[in-house]
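Colleague: for reference, the sequence and a predicted model appear below.
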Amino acid sequence: MSRLRRATQAELDVAVAALRNGEPVAFPTETVYGLGANARDPAALRRVFELKGRPADHPLILHIDNARFLSRWVAEVPPAALTLAASFWPGPLTLVLRRGPDASDVLTGGQDTVAVRVPSHPMAQQLLTAFGGGIAAPSANRYGHVSPTRAEHVREEFGDALRVVLDGGECTLGLESTILSLVSERPRLLRPGHITLEQLEAVIGPIEVGADAGSPRVPGSMLRHYAPQTPMECLPSNALEPAVDALLRDSRRVAVLAQRPPRKAQTGVTWINAGRRSDVYAHDLYSNLRSLDKAGAALILVEDVPDRPEWVAVRDRLARSATPSVPR
């Protein structure tokens, strides 16, 4: 794991100037790299949507540097939000609340709610503090693709189309934030992440899980998301080798993401043993998927991960990554 970097004053000056001029800036968070824009500048926000190829009704997450600024963006701050902020901010928790007048339709995807978090990465904190305002930032990748956890992943996605990329090293967690909605009578978990349902309930009590008909739209909620270009399939451990053999018989290369090494070495197979620790697997997931996506394989096979609480976020990302594309 690479060491986290802090930004130099020169790097901060360039990034802040870009944000104030309506230009997007990529920066690291503890979860994944974000593609940030001035949250008060609708034109800058539209540029982020344009760069990503993101639907206009898909809301952005607002990043602020301290919970005390929450009231600038939301209509009211419920007690549960203060309790959660005290327990988990700065950190990988996004709260969905009723929007205030400063949260534009572009930021919220036209909804009456806004998603907010306080990132803990030191470089994200530096940038937010130096900028002195909110930065709206989805993940710094093309819409629906594998999220970036290193600066080079961002550059691979955007090339010369993105001038400013702050390199803060490899993200420490590697999966997007937990998203919790506080706009209904009972809190509702809309996206699993590093902060688990059990941790949240220990702080504020019972929480509903999954979106219902009245839930706001949130990032990462599409059936297909976080996906490599290569088709992907999840299957049980004992089905890996038979599936590999079948593909090789058809003279097709195959890539595998597993929690164990292969039982035999075979030409035409790229196999990554990601191990059995949920935190390490999550940290490496997107980097591993990017590597396998470059293997020239006909299919990426992924060994099913355990059905346990600490694996919920990983299972969610794998399920969405493996959902077939819908022809347009």
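Modeller: Good, I have the coordinates. Numbering: from 1, shown residues only.
Colleague: stretch 57-65: how far from the chain's middle?
Modeller: 12 Å (Cα atoms, centre = their mean, to the nearest Å).
Colleague: first-to-last residue distance for that stretch?
Modeller: 25 Å (Cα to Cα, to the nearest Å).
Colleague: can you check stretch 54-74 too?
Modeller: Span of stretch 54-74 from end to end, Cα to Cα: 24 Å.
Colleague: in it, what counts as buried?
Modeller: 54, 58-65, 67, 70, 73-74 (16 or more other Cβ atoms under 10 Å). (Each C-beta comes from the backbone N, C-alpha and C, glycine too.)
Colleague: which residues are in contact with residue 42?
Modeller: Counting by Cβ atoms under 8 Å, 6 or more residues apart in numbering, residue 42 touches 104-107.
Colleague: repeat that for 7 Å
Modeller: Residues near residue 42 by Cβ atoms under 7 Å, 6 or more residues apart in numbering: 104, 106.
Colleague: how about the buried residues of stretch 54-74, which pair is most distant?
Modeller: Using Cβ to Cβ, the pair of these lying farthest apart is 54 and 67, separated by 27.0 Å.
Colleague: and stretch 287-299, end to end?
Modeller: End-to-end distance of stretch 287-299 (Cα to Cα): 17 Å.
Colleague: buried stuff in it?
Modeller: Across stretch 287-299, burial judged by 16+ other Cβ under 10 Å covers 287-290, 292-293, 295, 297, 299.
Colleague: which two among the residues you listed are spaced furthest apart?
Modeller: Largest separation among the buried residues of stretch 287-299 by Cβ to Cβ: 287 and 299, giving 19.5 Å.
Colleague: secondary structure element for residue 153?
Modeller: Using DSSP states H and E, residue 153 sits within helix 151-158.
Colleague: so residue 95: helix, strand or coil?
Modeller: strand (DSSP: H, G, I helix; E, B strand; the rest coil).
Colleague: quick one, what contacts it?
Modeller: Counting by Cβ under 7 Å, 6+ apart, residue 95 has contacts 81, 84, 116-117, 180, 182.
Colleague: and residue 149, how many residues sit next to it?
Modeller: 27 (other Cβ atoms under 10 Å).
Colleague: OK, contacts around the closest residue to it other than its chain neighbours?
Modeller: Leaving aside its chain neighbours, residue 149 sits nearest to residue 171 (4.3 Å; criterion: Cβ to Cβ, 6 or more residues apart in numbering). Counting by Cβ under 7 Å, 6+ apart, residue 171 makes contact with 28-33, 149.
Colleague: then residue 322?
Modeller: Residue 322 touches 232-234, 302, counting by Cβ under 7 Å, 6+ apart.
Colleague: the stretch 151-300 of the chain: strands as residue ranges?
Modeller: With DSSP state E, counting those that start in this stretch, the ranges of strands along the stretch 151-300 of the chain come out as 164-165, 178-181, 188-191, 208-209, 232-235, 254-258, 269-273, 299-303.
Colleague: so can I have a markdown table of those strands showing distance to residue 320?
Modeller: As requested, those are exported to a markdown table (distance: least, Cβ to Cβ, whole Å):
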| stretch | distance to residue 320 |
| --- | --- |
| strand 164-165 | 26 |
| strand 178-181 | 14 |
| strand 188-191 | 10 |
| strand 208-209 | 16 |
| strand 232-235 | 10 |
| strand 254-258 | 15 |
| strand 269-273 | 19 |
| strand 299-303 | 12 |
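Colleague: out of those strands, deepest packed?
Modeller: Ranked by mean neighbour count, these are led by strand 178-181 with a mean of 25 (mean count of other Cβ atoms under 10 Å).
Colleague: partner strands of it, parallel or antiparallel?
Modeller: strand 93-98 (parallel), strand 188-191 (antiparallel) (DSSP bridges).
Colleague: what's the burial count for residue 162?
Modeller: That count, for residue 162 with other Cβ under 10 Å as the rule, works out to 17.
Colleague: which SS state does the closest residue to it other than its chain neighbours fall under?
Modeller: Distance criterion Cβ to Cβ, 6+ apart; nearest residue to residue 162, sequence neighbours excluded, is residue 26 at 6.0 Å. State at residue 26, reduced to three classes by three-state DSSP: strand.
Colleague: same thing with residue 47?
Modeller: Under three-state DSSP, residue 47 falls in the helix class.
Colleague: now do it against residue 22, distance only.
Modeller: 7 Å (Cβ to Cβ, to the nearest Å).
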